[in-house]
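S.K.: how would this look folded up:
(chains A and B)
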Amino acid sequence: DTEVTQTPKHLVMGMTNKKSLKCEQHMGHRAMYWYKQKAKKPPELMFVYSYEKLSINESVPSRFSPECPNSSLLNLHLHALQPEDSALYLCASSPSVGENYGYTFGSGTRLTVV
Amino acid sequence: GIQVEQSPPDLILQEGANSTLRCNFSDSVNNLQWFHQNPWGQLINLFYIPSGTKQNGRLSATTVATERYSLLYISSSQTTDSGVYFCAVVGSARQLTFGSGTQLTVLP
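M.R.: Residues are numbered from 1 along each chain as shown, chains lettered A, B, ... in the order given. Next comes the predicted model:
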C-alpha cells in the first residue's frame, strides 16, 4: 500500500459545528503532516507529527486541534471555524522528518465553512 | 526560511508541444520533489530528485544542486498534463516548502 487516504473528500460545516478530518497510511512512515491550501496558492504547513508526537505547530489557531492516535492515523479536529478557514486540507507522510525522504500526499479534504 | 521561485507562473501550450518549467531555490537542499496537482486537488509525486537527472515516460527532471535550480521537462504534451506543477524542497529547517507553482494549460 503506497497511498495516503483522507476522509471525507468534501465537508461543509457551520461555524458552530465540530467535525474531524481523518488521514491514514500503511507505509510504515513515522512522520505525518497537515497542510492547508487556499485557492491558487501553494500548500502551507500546519502541523508535523514525528513518531506520534507533535513536533511542529506553525502558529495555527486553537480551533484546529491535531491528534495522532497511532503511527498510521492522523486526525484534525475542527471547532468554531470561520469562513476564511475554507480551504483544501492535505495530509502527507514520509519515512521520517527531515531531508532525504520523499513525501506522499493524500487527495485532500475540501472544506467549506458556512 | 528558504525561498523557492518557479517560472513561468502560467503556460499555455498546444497539444504535442514541449515545455520546460524551472525551480530556483535560495539555499542548499537535501530533498527536492516535483508534484502535479490535478483539477481535483490531488498532489501527485512526479519526481524525488535532490540531484541528477531522472526520466519517467514523457517527463524528465534535472536538479543542479550546486547552482540551486531544477528543471522539469514535458515532451509531447497532452491535455491531461494540464494542472499546477509545484516544486517543493526541504532545507535546513527540515520542512517541505513549496514554490508558487506553474499553471499549465494544454489546448487540444
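S.K.: which positions in the lowest-mean-pLDDT helix or strand in chain A come out as buried?
M.R.: Among the helices and strands of chain A, strand A:53-57 carries the lowest confidence by mean pLDDT, DSSP states H and E, at a mean of 90. For strand A:53-57, burial by neighbour count (16 or more other C-beta atoms under 10 Å in any protein chain shown) applies to residue A:56. Backbone N, C-alpha and C define where each C-beta goes, glycine included.
S.K.: and the next helix or strand past that strand?
M.R.: With elements assigned by DSSP states H and E, the helix or strand that comes after strand A:53-57 is strand A:64-70.
S.K.: what pairs with that following strand, parallel or antiparallel?
M.R.: Applying DSSP bridges to the sheet, strand A:64-70 is found paired with strand A:73-79 (antiparallel).
S.K.: for the partner strand, which positions count as buried?
M.R.: Along strand A:73-79, the positions that meet the burial threshold by neighbour count (16+ other C-beta under 10 Å) are A:74-76, A:78.
S.K.: which two in these are spaced the farthest apart?
M.R.: When those are compared pair by pair using C-beta to C-beta, the two farthest from each other are A:74 and A:78, 13.7 Å apart.
S.K.: test my guess that residue A:30 contacts residue A:51.
M.R.: Yes. Counting by C-beta atoms under 8 Å, residue A:30 touches residue A:51, with 5.2 Å between them.
S.K.: show me the contacts for residue A:33.
M.R.: Residue A:33 makes contact with A:45-49, A:91-94, A:103, B:96, according to C-beta atoms under 8 Å, 6 or more residues apart in numbering or on different chains.
S.K.: and for residue B:53?
M.R.: For residue B:53, the contact set (C-beta under 8 Å, 6+ apart) comprises B:60-63.
S.K.: from residue A:56, how far out is the residue of chain B found nearest chain A?
M.R.: When distances are taken as C-beta to the nearest C-beta, chain B approaches chain A most closely through residue B:30, which lies 3.2 Å from it. Note on residue B:30: its distance to residue A:56, by C-beta to C-beta, to the nearest Å, is 17 Å.
S.K.: buried ones in whichever strand or helix holds residue B:20?
M.R.: Element membership for residue B:20, per DSSP H and E: strand B:19-25. For strand B:19-25, the neighbour count (16+ other C-beta under 10 Å) marks B:19, B:21, B:23, B:25 as buried.
S.K.: okay if I get these as a markdown table plus distance to chain A?
M.R.: As requested, the buried residues of strand B:19-25 are exported to a markdown table (distance: C-beta to the nearest C-beta, whole Å):
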| residue | distance to chain A |
| --- | --- |
| B:19 | 20 |
| B:21 | 14 |
| B:23 | 12 |
| B:25 | 13 |
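S.K.: would stretch A:53-60 count as contacting chain B?
M.R.: Yes. Counting by C-beta under 8 Å from any C-beta of the partner chain, contacts between stretch A:53-60 and chain B involve residue A:56.
S.K.: what sits up against that stretch?
M.R.: For stretch A:53-60, using C-beta under 8 Å, 6+ apart, the contacting residues are A:44-49, A:66, A:68, A:97, B:95.
S.K.: generate a PyMOL selection restricted to the buried entries among these.
M.R.: With 16+ other C-beta under 10 Å as the criterion, this PyMOL line picks the buried residues out of these:
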select buried, (chain A and resi 45+46+47+48+49+66+68+97) or (chain B and resi 95)
